[in-house]
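K.L.:
The sequence isn't on hand, but the structure is:
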């Protein structure tokens, strides 16, 4: 037993030690090399986008590399226990063929994962809608994508099930906001005020860094039942569109209150029956009517 340990045991420990060192070096240098490569490929793009792409590729390369190193380590250690590698590989080959017939969905997931990475459809840190589920991309693997939605629920989606992936934060995002005003308002005056509020927000140091372009009125978007909808568009940095939209709504509401501009709510007019007949030559009795407003008290 002592002789076996002195010969084979030391070799096994040396193989494990070397494998561990290689894994540590892989973790350390993979990020540097991947970031350098991605920075060259995405030259001129924002640093946040480069980081997300580098983190996504780095996690895949490191995890795949560790699996390969582990397999090679096991294959290298087996002869020390007098296990024939050729026989083991032959057995694994037969088992692999058998498993392959029942693992078509797994192969489908792996191939889909490779194309997701090559085509850069989405990255770790993006907000995306994948297979009908929206959330923050927490992890991308060759087999699956992991999302966390606004309720904190974690969704694990096999890559082979992904038919449509909608990335909400790639490159830039957008404010797409409709503001409704009453029919009695002067639209030219309203549009001027909205554009002024957008410009003031773009000049605010707190928000200017989040804006790629200043939001502004695009058009009169709809003549609705209760009011006129005005569409506002503007580009923001990724992930910042929701905060910018919320702040813009707040500023527009405050300004409308100061300017006396009405934001409408649904109106309902109710009639109770018809006026009774009257004597000839006299005016009919007016209809009873009420005008109710479904709005704030």
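P.N.:
Nice, thanks for sending it over. Nothing here was measured: the structure is a model prediction, and the numbers come from that model.

K.L.:
what residue is smack in the middle of this structure?
P.N.:
Centroid-nearest residue in the chain: residue 127, 1.0 Å away (criterion: C-alpha atoms, centre = their mean).

K.L.:
Could you point out which residue ranges in the stretch 51-200 of the chain have low pLDDT?
P.N.:
Residue ranges of the stretch 51-200 of the chain with pLDDT under 70: 84-103.

K.L.:
Residue 129 belongs to a strand?
P.N.:
Yes - counting by DSSP: H, G, I helix; E, B strand; the rest coil, residue 129 is part of a strand.

K.L.:
isn't it right up against residue 166?
P.N.:
Yes - between residue 129 and residue 166 there is a contact at 4.2 Å, judged by C-beta atoms under 8 Å. In short, each C-beta sits where N, CA and C put it, glycine included.

K.L.:
show me what contacts residue 249?
P.N.:
177, 179 (C-beta atoms under 8 Å, 6 or more residues apart in numbering).

K.L.:
ok, now how distant is it from residue 256?
P.N.:
Per C-beta to C-beta, to the nearest Å, residue 249 is found 11 Å from residue 256.

K.L.:
swap in residue 184?
P.N.:
Separation of residue 184 from residue 256 (C-beta to C-beta): 13 Å.

K.L.:
Need the residues touching each of the two.
P.N.:
residue 262.

K.L.:
So if I had to pick from the two, which one is more boxed in?
P.N.:
Each of residue 184 and residue 256 has its neighbours counted (other C-beta atoms under 10 Å); residue 256 has more, 19 against 10.

K.L.:
What residues does that one make contact with?
P.N.:
181, 193, 262, 263.

K.L.:
and the helix or strand that contains residue 65, how far out from the chain's middle?
P.N.:
Assessed by DSSP states H and E, residue 65 sits inside helix 47-77. Put simply, helix 47-77 sits 23 Å off its chain's centre (C-alpha atoms, centre = their mean, to the nearest Å).

K.L.:
and the residue nearest to the centre of the chain, what are its bridge partners?
P.N.:
Listed beta-bridge partners, residue 127: residue 136 (assigned using DSSP bridges).
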